[in-house]
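Asks: when you get a sec, could you give me coordinates for this:
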Amino acid sequence: MSRASSLQYYILARLLLAPFMLWTIVTVVFVLLRVTPGDPTDAILGARAPEAVKQAMREKLGLDQPLWLQYISYLRQILSLDLGTSLTSQGESVWQVIQNHFPATVELAVFAMVVAVSIGMTVGIIAAIKANTIWDLGGRLFGIVTYSLPLFWVGMLLQLVFAVQLEWLPLGGRYPVGMEPPNRITGLYTLDSLLTLNLNQFAISLHHLILPSFTLGLLLSGIFERIIRVNLKKTLKAEYVEAAKARGIPERKILFSHALKNALIPLITVMGLTFASLLGGAVLTEVTFSWPGLGNRLYEAIALRDYPTVQGILVFFGIIVVLASILIDIINAFIDPRIRY
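Replies: Model (predicted):
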């Protein structure tokens, strides 16, 4: 079988697996919500509402039906691209909730990825080219520490230092309360302010974005540092690198034109899946910094037992991760001729 045919077969197989993966996500989310203690009618009517009123609300929402009927009804909704109506947002559809909050998550994820990749690659490259030195040891410790530290603890520590004591950065939020945010074009405040040529709004938006994106990016950078360090070390010992050195090619050119290019291939998969998971809601970051993204909205919906919103957001996150996974596999298949299927 030729490489082109095997590649087509692999892509087709991955695409055919996508519906099964999405069905699994939908089913797991549905079951977990139903077995978790709590009653969504309490969130709507209050815990002190009469039982008769609560029962009427359960019938209205279909929660009085057998579980299998609820499941069939939910699958029909998903297939018709109807994620339902939020129970706690005054009749707002779940799609509207996603539309309102997802741009904030995208903006946070993009800036956090820029921070993570920049720091991770810098530390990883230095550690790899200075193998078996204190720089290498420092890179190892950096990767371990940043990966193991609790995000919420680091976030609160940075808030205490830079927002409370030094007063350099805002404590939380996406934009100052009482001020008019940029006109909505994409929903990304930094981009919208640039599109409207309002540099003051851009500076304010960026000022609020620095602390949460740096916190999240810093703790993710250890993942990229480890991948770059390990793969670049291996690549620098390859025969073609030794041959390039023997031909007198400058080490800087060997590093960036030969070794680093091949060492970056495994990074693509991790970058894509990490970014997809960030779009899937950096819940702890958004809650810690009161960032009005989809992860924060999911946290609120879980606390209020808002079934439709929780289900809809998690299914939306699942779709993002599945599609990102497939896309990354296809990209890797095209750029790396060593992969066989």
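
Asks: alpha carbons only for contacts and neighbour counts from here, please
Replies: Noted.

Asks: and the longest helix seen in the chain, what does it pack onto?
Replies: Taking DSSP state H as the assignment, the helix of the chain that covers the most residues is helix 199-236. Contacts defined by 3 or more Cα pairs under 8 Å, 6 or more residues apart in numbering; DSSP states H and E place helix 199-236 against helix 94-129, helix 134-148, helix 151-158, helix 189-195, helix 260-263, helix 265-279, helix 283-288.

Asks: now do 7 Å
Replies: Contact analysis of helix 199-236 by 3 or more Cα pairs under 7 Å, 6 or more residues apart in numbering; DSSP states H and E lists helix 94-129, helix 134-148, helix 189-195, helix 260-263 as its packing neighbours.

Asks: poorly predicted segments of the stretch 51-200 of the chain, please.
Replies: Applying pLDDT under 70 to the stretch 51-200 of the chain flags no residue at all.

Asks: likewise for the stretch 201-341 of the chain?
Replies: 257-258, 280-281, 333, 335-341.

Asks: now the longest helix of the chain against helix 265-279, angle please.
Replies: In terms of direction (axes from the mean of the first three to the mean of the last three Cα atoms, to 10 degrees), helix 199-236 departs from helix 265-279 by 150 degrees.

Asks: mind checking how far the next helix or strand after helix 199-236 is from the chain centre?
Replies: Next helix or strand after helix 199-236 toward the C-terminus (DSSP states H and E): helix 239-246. Here helix 239-246 is found 39 Å from its chain centre; the criterion is Cα atoms, centre = their mean, to the nearest Å.

Asks: in helix 239-246, what's buried?
Replies: Buried residues in helix 239-246, counting neighbours by 16 or more other Cα atoms under 10 Å, are found at residue 241.

Asks: just stretch 268-280 next, same as before
Replies: Neighbour-count burial for stretch 268-280, counted by 16+ other Cα under 10 Å, picks out 269-280.

Asks: tell me which residue is most central in this structure.
Replies: residue 278 (0.9 Å; Cα atoms, centre = their mean).

Asks: that one contacts residue 110, doesn't it?
Replies: No. Under the criterion of Cα atoms under 7 Å, residue 278 makes no contact with residue 110, lying 8.7 Å away.

Asks: next helix or strand past the helix or strand harbouring residue 59?
Replies: If you go by DSSP H and E, residue 59 is part of helix 51-61. Next along the chain after helix 51-61, taking DSSP H and E as the criterion, comes helix 67-79.

Asks: centre of the chain to that next one, how far?
Replies: With Cα atoms, centre = their mean, you get 28 Å for helix 67-79.

Asks: now do it: everything it contacts.
Replies: residue 83 (Cα atoms under 7 Å, 6 or more residues apart in numbering).

Asks: okay, now residue 135: neighbour count?
Replies: 17 (other Cα atoms under 10 Å).

Asks: residues contacting it?
Replies: Contacts of residue 135 (Cα under 7 Å, 6+ apart): 126-127.

Asks: number of residues surrounding residue 247?
Replies: For residue 247, using other Cα under 10 Å, the count is 9.

Asks: and it, how far from residue 211?
Replies: Residue 247 sits 47 Å away from residue 211, going by Cα to Cα, to the nearest Å.

Asks: adding distance to residue 318, write the buried residues of stretch 268-280 out as TSV.
Replies: Formatted as TSV, the buried residues of stretch 268-280 follow (distance: Cα to Cα, whole Å):
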residue	distance to residue 318
269	17
270	17
271	17
272	14
273	12
274	13
275	13
276	9
277	9
278	12
279	10
280	7
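
Asks: and the residue nearest to the centre of the chain, how far from residue 302?
Replies: The value you get for residue 278 to residue 302, if Cα to Cα is used, is 19 Å.

Asks: quick check: closest non-adjacent residue to residue 62.
Replies: residue 70 (7.0 Å; Cα to Cα, 6 or more residues apart in numbering).

Asks: before we move on, the earlier item: residue 66: which of the buried residues of stretch 268-280 is nearest?
Replies: residue 280 (30.6 Å; Cα to Cα).

Asks: touching, residue 58 and residue 64? I think so.
Replies: Yes. Judged on Cα under 7 Å, residue 58 makes contact with residue 64 at a distance of 5.6 Å.

Asks: sorry, back to before: what residues does the helix holding residue 59 touch?
Replies: Outside helix 51-61, the residues touching it (Cα under 7 Å, 6+ apart) are 41, 64.

Asks: what do you get for stretch 302-321?
Replies: 22, 25-26, 29-30, 39-40, 43, 83-88, 94, 273, 276-277, 280, 298, 301.

Asks: stretch 234-243 too?
Replies: 254, 259, 263.

Asks: and stretch 211-231, by the same measure?
Replies: Counting by Cα under 7 Å, 6+ apart, the neighbours of stretch 211-231 from elsewhere in the structure are 108, 111-113, 115-117, 119-121, 123-125, 127-128, 142-144, 146-147, 155, 263-264, 267, 285, 289.
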